[in-house]
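In: Below are the sequence and a predicted model; questions follow.
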Amino acid sequence: MDGRTPVVTRKLNSGQVLDIYKVGIRPLLFTGLKTDPEWLHQQTIRVLGWLERTGDRPPAKWVQAQLQQSFCLRDARLSQKLWGAYFPNPVGLAAGFDKDGVAALLWSSLGFGFAELGTVTLHAQPGNPRPRLFRLPQDLAALNRMGFNNSGAAAMAARLTDTVKTATRPIPIGINLGKSKVTPLDEAAADYLGSFRVLKDWGDYFVVNVSSPNTPGLRSLQDTAGLTLILEALQQENQGQKPIFVKIAPDLEWEALADILSVTITHKLAGIIATNTTIRRDGLKTQFLAPTGIARGSAQLLDIHKEAGGISGAPLRDRSTEVIRFIWKQTHGQLPIIGVGGIFTAEDAWEKITAGASLVQVYTGWIYEGPLMVRRILEGLLQKLEERGLASISEAVGREELAPSP
Ligand SMILES: Cc1cc2nc3c(=O)[nH]c(=O)nc-3n(C[C@H](O)[C@H](O)[C@H](O)COP(=O)(O)O)c2cc1C
């Protein structure tokens, strides 16, 4: 990662490219074959991991070059220097997709401006029983209760030693830390600290995830007392070397959120990631969950109101933007925000940026829209900058008056 001036590599506009994913692959996988979403995710990660491991040899090298040509857009107006790191564009991969860091360096070839690995926990753990990931196509959403399935901090560190450490990082890499399920809540600080120590050298920034709904009691660590203990421990070890963020839930009351902001500022955090998935179910068109590939045949329909887990995607969009706006106003724009929740289009990203997000992340939108989504968003953001006469994306952060289209 360096501060070099980015080159413009815009060849075809993404609107001119036939979106094979949306017209062919997605309908086949989601509707035709009714593939189990977790199986599909595993296959995707497997292929990306192979590309990452063999990227310096043909044919993976050739594939990577093709990916870059199709999915990347470089333009200096989209770049920012934040916390000492160079972000070539403001659209990142959200936590949860690459939980073990198997494709850490590859995400830049898919157009992302940064990637957050994890959630990783100190102890390897299998996560919750399957099925634990469901698509809600009518709502352009997903429900997941994965429960931090991952191979543990030491395994991630070993993997990153072979890849990230030895290579020049094309984009900043974040590492999202969670609490191991076996660790009692009152020992959470030591658990986060253990992971941080093991992984400190490999992340450009770190995230304290206290907002997943899928680890019992985890969100109670958003309380001032619990959060203070964790942040004290991490910052003492950190000594100002790495930017540390807290990732929050969208379901907090304003008062609780204001308390988190105070703790965050007291402990000199780099910023807030808003938001994780929601436990709310209101407003969903989906009432019953379609059986997954695994449950196919034997399964009866599952009532969405009774199924545990967090909702991501379009239903989360407005609430997460509201949370971003609240943080921006409450802190007078002094606390940087990474905005995440329901981003599918440039319009969605722009809404979050003008509400106060310096950077944004995507997960569910990428599943539905496919790999061209990032480039489409970047092209749309550039168009918005041009329409409004702005020289760079950082000029739009927190500028609510710029939100509506002119
Ligand atoms: C299948 C799945 C797994 C996720 N796992 C994690 C995780 O391990 N850690 C985390 O902080 N967030 C996790 N998330 C939440 C996302 O990072 C993001 O905050 C949320 O999905 C909202 O963004 P989206 O609407 O673009 O998906 C997960 C989301 C999904 C859909």
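Out: Good, I have the coordinates. Residues are numbered from 1 along each chain as shown.
In: any weak-confidence spans in the stretch 101-250 of the chain?
Out: Applying pLDDT under 70 to the stretch 101-250 of the chain flags the ranges 165-167.
In: how about the helices of it, start to end?
Out: Ranges of helices within the stretch 101-250 of the chain are 153-162, 188-199, 224-238, based on DSSP state H, counting those that start in this stretch.
In: Report the buried residues of the last one.
Out: Buried residues in helix 224-238, counted by 16 or more other CB atoms under 10 Å: 226-227, 229-231, 233-235, 238. Any C-beta I mention is one placed from the backbone N, CA and C, and that applies to glycine too.
In: what residues does that helix touch?
Out: 185, 188-190, 192-193, 196-197, 200, 206, 208, 210, 220-221, 244, 246, 259-260, 262-264, 266-269 (CB atoms under 8 Å, 6 or more residues apart in numbering).
In: how far does it sit from the chain's center?
Out: 23 Å (CA atoms, centre = their mean, to the nearest Å).
In: Kindly report the same for stretch 376-387.
Out: The answer for stretch 376-387 is 21 Å, by CA atoms, centre = their mean.
In: That one near the ligand at all?
Out: No. Contact of stretch 376-387 with the ligand (CB under 6 Å from any ligand atom) is absent, the minimum separation being 11.6 Å.
In: which outside residues touch that stretch?
Out: Counting by CB under 8 Å, 6+ apart, 10, 13-15, 73, 75, 77-78, 89-91, 111, 343, 345-347, 349-350, 353, 362, 369, 390-393, 395-396, 402, 405-406 sit against stretch 376-387.
In: Of those residues, which belong to helices?
Out: Among these, the residues falling in helices (DSSP state H) are 346-347, 349-350, 353, 369.
In: Any chance of a ChimeraX selection covering the buried ones in those residues?
Out: In ChimeraX syntax, the buried subset of the ones in helices among the contacts of stretch 376-387 is picked out as below (16+ other CB under 10 Å):
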select :346,349,350,353,369
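In: So of the ones in helices among the contacts of stretch 376-387, which two are at opposite extremes in space?
Out: Greatest spatial distance among these (CB to CB): 353 and 369, at 18.3 Å.
In: in this structure, what residue is nearest the ligand?
Out: Here the chain gets closest to the ligand at one residue, residue 96, 2.2 Å apart by CB to the nearest ligand atom.
In: so who does that residue touch?
Out: Contacts of residue 96 (CB under 8 Å, 6+ apart): 118-119, 144, 146, 176, 363.
In: can you redo the residues you listed as TSV with neighbour count?
Out: Shown next, in TSV, are the contacts of residue 96 (neighbours: other CB atoms under 10 Å):
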residue	neighbour count
118	27
119	26
144	22
146	21
176	25
363	21
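In: got a markdown table for these, with distance to the ligand too?
Out: Supplementary listing: these in a markdown table, determined by distance: CB to the nearest ligand atom, whole Å:
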| residue | distance to the ligand |
| --- | --- |
| 118 | 6 |
| 119 | 3 |
| 144 | 4 |
| 146 | 5 |
| 176 | 5 |
| 363 | 3 |
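In: Is it possible to get a markdown table of those residues that adds distance to residue 316?
Out: Listed next are the contacts of residue 96 as a markdown table, based on distance: CB to CB, whole Å:
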| residue | distance to residue 316 |
| --- | --- |
| 118 | 20 |
| 119 | 18 |
| 144 | 12 |
| 146 | 16 |
| 176 | 18 |
| 363 | 10 |
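In: helix or strand for residue 338, which one?
Out: Using DSSP states H and E, residue 338 maps to strand 337-340.
In: Output that strand as CSV, nothing but the C-alphas.
Out: The C-alpha coordinates for strand 337-340 follow below in CSV (Å, rounded to 0.1, in the frame of the first residue of the first chain):
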residue,chain,number,x,y,z
ILE,A,337,-17.5,6.5,9.9
ILE,A,338,-17.5,3.4,7.7
GLY,A,339,-21.0,3.0,6.5
VAL,A,340,-22.5,-0.4,5.7
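In: quick one on the thing from earlier: output the helices of the stretch 101-250 of the chain in TSV, with distance to the ligand appended to each entry.
Out: Formatted as TSV, the helices of the stretch 101-250 of the chain follow (distance: least, CB to the nearest ligand atom, whole Å):
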stretch	distance to the ligand
helix 153-162	12
helix 188-199	13
helix 224-238	15
